[in-house]
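# I need the structure of the sequence given here:
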Amino acid sequence: MLVVMRPPSVDSLARSLSDTGLPHPLLVEVAREAIAADRVSEAHALAAVRRRRLLVPVVNATGVLLHTNLGRAPLCHVPPLTYTNLELDLETGKRGSRQERTASLLAAATGAESAMVVNNCAAAVLLVLAALARGRPVAVSRSELVEIGGGFRVPEVMAQSGARLLEVGTTNRTRRDDFGRAVAEHDPALLLKVHQSNYRIVGFTESVPVRDMSGFGRPVIVDLGSGLLDASTPWLDGPPPSWLRGEPAVRQTLAEGAALVTFSGDKLLGGPQAGIIAGRADLVDACADHPLARAVRPGELVVAALQETLLAYLRRDAAAIPLWAMASARPEDLRARAARLGGGKVIETEALPGGGTLPGVTIPSVGVAFAGDLTEQLRAHCPPILARVIDDRTVLDLRTVLPADDEVIAEWIAQRP
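Numbers count the residues shown, from 1 in each chain. Model (predicted):
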C-alpha cells in the first residue's frame, strides 16, 4: 500500500526553525519556500541562507583595507543605546545644530574655517555645486571628469546640481592658461579640481596645482575623495608611511588656496560613510542654508561615529582608529600573528589601500596560504571569512584582519578536514 507523506503545515515547520534566531515572519517565508520546493528536510539550511542575507559581521582577510563591498573602513565606535543631544544646546536648552560639534572638530583637525557633514562624498559635491553654482558654468579639467563608485560620473553629478560643465584643457594636459581663458571668456562661478583617486594618467601629462588655480578670483573647490586629513600624519609614530607619498591631504590643500574641499568619511579618514565639506565659513554657510542640505544630512549614528573618530585624531591616538591600526602594523608583528594561527604556510603578501584610493600602491604584508580555492568554504564559516586566491592558493592576509579576529581564523583552521 502506497503511503503518501503529507508535508507539515507552514506554521509548524516555521516554529521548528525558531532556534535559528530569525523572527517568525521570516521563518514563515522559509517554511513556505521549503514546502513548495519539496525541501522540508533542508529547512534549517534554507533558514541559515536567509539569515546570511542580512547584514552580518565578516572577517576581512582579503588584504584590501578599504574594501567597498565590506563597508570600507571598519568603524571604531558603536553609539550608546540612549538619547543624545543631537540637536539640543545643553547650555540654553534650545534647539541646536547637528553640524556644530563635528564642524568644530573638523576645523581643529584640518585648519578649515568651518565644515559640515552630509551622507556621502557625492552628496557633498552635489550640494556644493547646487548652492554655489546653479545656472552657471563650473570649469574642470577634462582629465578629471572621473567616474566614481557605482557608476556616478562627475558630469552627471554636475548636471543634477544645475551647474553647467565647462571643460578645460585636454585629457592628458591642462595648463594654468587654460583656466585663465575659461575665466575670461565664460565667467565660471567655480573652478573644480577632482582628485584622480581611482586611476592614473602617465606619460606626456600636465595638470594645474591648486595654488595656481586660486589666483583667478574664483573659489577653487577640490574634491579630494579619499580624505587624508594631514600629509604629515601627526597621529602616527614616526614619519608618514611611504605608501601615502603623493596623496593630497585636506590641511595642505586648504593651505594651498582651496576655498572648499570635499572628501569621504569612510576612506582614509577611517570613519563612517559620510561626505565632508570643509573650508571657507561663508561658503560652508551657503551650503548649509541650501534646501538640499536637509535631504542629505547625516543621521545620529553617523554623527556619533564621526565625532569619536575625529576625537581620536585630535588625541593623536591611531590605535583607536582601526584603519590606521591595521595600516601601520609592522610586518614582523603580522608574521608573529600568522605563526600563531597553527596552520597554512606563512608568506609575504602585498595589501592594497582599496576603496578607489591610491591606485597601483601596495603595502607590505604577511598572510597564510592554503592550496586550492577555499573561498566558498571560508564564506560558509560563522562568521564568514573573506580571502583571495593567488596562484591557485587561498591567501588570508593579516594586514586587514583585526587582531581580535585571529581566533576566528584559528577556529576555521582547526575545523578543516
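# show me where the stretch 51-200 of the chain has its helices.
In the stretch 51-200 of the chain, the helices defined using DSSP state H, counting those that start in this stretch lie at 100-110, 121-133, 154-161, 176-186.
# return the most buried member of those.
helix 121-133 (a mean of 24; mean count of other Cβ atoms under 10 Å). Just so you know, the C-beta spots here come from the backbone N, C-alpha and C atoms, and that holds for glycine as well.
# and the helices of the stretch 51-200 of the chain: which comes nearest Arg316?
Distance to Arg316, taken as Cβ to Cβ, is lowest for helix 100-110 among those, at 10.6 Å.
# what's that closest one packed up against?
In terms of contacts (3 or more Cβ pairs under 8 Å, 6 or more residues apart in numbering; DSSP states H and E), helix 100-110 is packed against strand 114-118, helix 250-255, strand 275-279, helix 300-314.
# at 10 Å instead, please
Here helix 100-110 touches strand 114-118, helix 250-255, strand 275-279, helix 281-289, helix 300-314, going by 3 or more Cβ pairs under 10 Å, 6 or more residues apart in numbering; DSSP states H and E.
# in CSV, list the ones you listed along with mean pLDDT and mean neighbour count.
What follows is the helices and strands packed on helix 100-110, written out as CSV (pLDDT from 0 to 100; neighbours: other Cβ atoms under 10 Å):
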stretch, mean pLDDT, mean neighbour count
strand 114-118, 97, 25
helix 250-255, 97, 21
strand 275-279, 97, 28
helix 281-289, 97, 17
helix 300-314, 94, 20
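# pLDDT weak spots in the chain?
Under the criterion pLDDT under 70, the flagged ranges of the chain are 1-5, 148-152, 197-200.
# and the strands in it, which stretches?
Here the chain has its strands, by DSSP state E, at 59-60, 64-66, 114-118, 137-141, 164-168, 190-194, 220-225, 260-264, 275-279, 345-354, 363-371, 385-386, 388-390, 393-397.
# tell me the angle of the fourth one relative to strand 220-225?
Per axes from the mean of the first three to the mean of the last three Cα atoms, to 10 degrees, the angle that strand 137-141 makes with strand 220-225 is 60 degrees.
# within the sheet, what are the partner strands of strand 137-141, with directions?
strand 164-168 (parallel), strand 190-194 (parallel) (DSSP bridges).
# pull the distance from the first one to the chain's centre.
By that I understand strand 164-168. Per Cα atoms, centre = their mean, to the nearest Å, the displacement of strand 164-168 from the mean C-alpha position of its chain is 28 Å.
# pull that strand out as PDB, backbone CA atoms only.
Extracted as PDB, the C-alpha positions of strand 164-168 are listed here (Å, rounded to 0.1, in the frame of the first residue of the first chain):
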ATOM      1  CA  ARG A 164      26.900  73.800 -16.200                       C
ATOM      2  CA  LEU A 165      30.000  71.900 -17.100                       C
ATOM      3  CA  LEU A 166      32.800  73.900 -18.700                       C
ATOM      4  CA  GLU A 167      35.600  71.500 -19.900                       C
ATOM      5  CA  VAL A 168      39.100  72.900 -19.800                       C
END
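# start the count at 5 instead of 1 going forward.
Yep, numbering from 5; the last one is strand 168-172 now.
# what angle separates that strand from helix 125-137?
Using the same axes, to 10 degrees: strand 168-172 against helix 125-137 is 100 degrees.
# try the last one
In terms of direction (the same axes, to 10 degrees), strand 194-198 departs from helix 125-137 by 160 degrees.
# for strand 194-198, what is the distance to the chain centroid?
So, by Cα atoms, centre = their mean, the centroid of strand 194-198 is 22 Å from its chain's centroid.
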